[in-house]
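Here is my input, please return the structure:
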Amino acid sequence: MGSIFSSVGFKVETQKDLVELVENTIGDKEFSDSFGVFQKVQLAGYTLNAGHGIVFNVNLAHTGEGWEIVDVSPCFYGSKEHAVVLKDCELYQDVEDEWKFYLYGIDEETGTPVELYISNFVQCASFLPPMAEKYEIVPVGLAYNGEILPARRLIQTEDMEEGSTMANFFVQTAQIQAMENIPPVVYGLLGDILDVKKIKNEWTGEEVYWLYVDTSPFKLEVLVNPADLEGEPEVGKRLFATVWLQGEVTPK
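Alright, predicted model coming up:
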């Protein structure tokens, strides 16, 4: 199984790899790339821009003992044309990591319940729920693994002589979340590939697949490393994958 790092072309296999990536992100910058406030706590964000929407974020909080790194994460900033609006939103805090935050809401168009990691937390910290009733998000799934399947077809079974349609789906997978070293907000999906291309992580030089997937009815962008994908993605085929859902959040 791959990782959320490999899905966007970063190679982080050891703690040393992660420390080096954090150091390269902060570097010798005089000022942070972003600044925010959450519940009267000052926040600062540093971003390594790897091109084509791929970034690595390092978030700091000013605690009683000065600035402290509180969250790091690879992210992908998707296309605004793929944005959806969530209503009835609530803010959740990770039970094990107090500085990872998740937004829950209902997709206004399809009625799909969605919970995702907030990839631009520092920038949007001051206007998170309950500050607004609706939020616009660009949903992105960073894939741990995936498999390319043919276009939707009839699957023969012993019980049904004529077979049955293998339906698309987008479901939160509690069993996977319980596995070690896998963060919350993990989904299993099966969907039709509407668009596909390769993009390069300019920091590492590694290419990954970007796909736009329709899980009927929820649509999202998915990033997956070719080494973690079985088969060749093409428009019209389907993607079966396990993804960590994240997205940029702005009030509507």
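
Quick check: which ranges of the stretch 101-250 of the chain have low pLDDT?
153-165, 174-184 (pLDDT under 70).

same thing but at 80, please
152-166, 173-184 (pLDDT under 80).

ok, which stretches of it are helices?
121-124, 174-177 (DSSP state H, counting those that start in this stretch).

tell me which element the closest residue in space to Ser32 that isn't next to it in sequence falls in.
Using Cβ to Cβ, 6 or more residues apart in numbering and skipping residues adjacent in sequence, the residue nearest Ser32 is Ala44, 3.8 Å away. Any C-beta I mention is one placed from the backbone N, CA and C, and that applies to glycine too. Ala44 is part of strand 41-51 when elements are defined by DSSP states H and E.

For Gln123, see how far away the closest residue to Asp107 other than its chain neighbours is.
Spatial nearest neighbour of Asp107, excluding adjacent residues (Cβ to Cβ, 6+ apart): Val84 at 5.3 Å. Per Cβ to Cβ, to the nearest Å, Val84 is found 19 Å from Gln123.

Val58 now?
In terms of Cβ to Cβ, Val58 sits 14 Å off from Gln123.

List the residues that contact the nearest residue to His52 once chain neighbours are set aside.
Among residues not flanking His52 along the chain, Ile199 sits closest, at 4.2 Å (Cβ to Cβ, 6+ apart). Ile199 makes contact with 51-54, 207-208, 210, according to Cβ atoms under 8 Å, 6 or more residues apart in numbering.

ok, now Asp17?
Lys11.

Strands along the stretch 101-250 of the chain, start to end?
101-107, 113-118, 134-149, 154-155, 164-165, 169-172, 186-200, 207-214, 219-224, 229-230, 238-251 (DSSP state E, counting those that start in this stretch).

Can you name every helix or strand that the first one contacts?
Pointing back at strand 101-107 there. Packing contacts for strand 101-107, counted by 3 or more Cβ pairs under 8 Å, 6 or more residues apart in numbering; DSSP states H and E, involve strand 84-93, strand 113-118, strand 134-149.

Next, the residues that contact the second one from outside, please.
Taking contacts as Cβ under 8 Å, 6+ apart, the residues outside strand 113-118 that touch it are 73, 84, 86, 92, 100-107, 124, 128, 137, 139, 172, 183, 185, 218, 244-247, 249.

Please check the residues you listed and keep the buried ones.
Buried subset of the contacts of strand 113-118 (neighbour count, 16 or more other Cβ atoms under 10 Å): 73, 84, 86, 100-107, 124, 128, 137, 139, 183, 185, 218, 244-247, 249.
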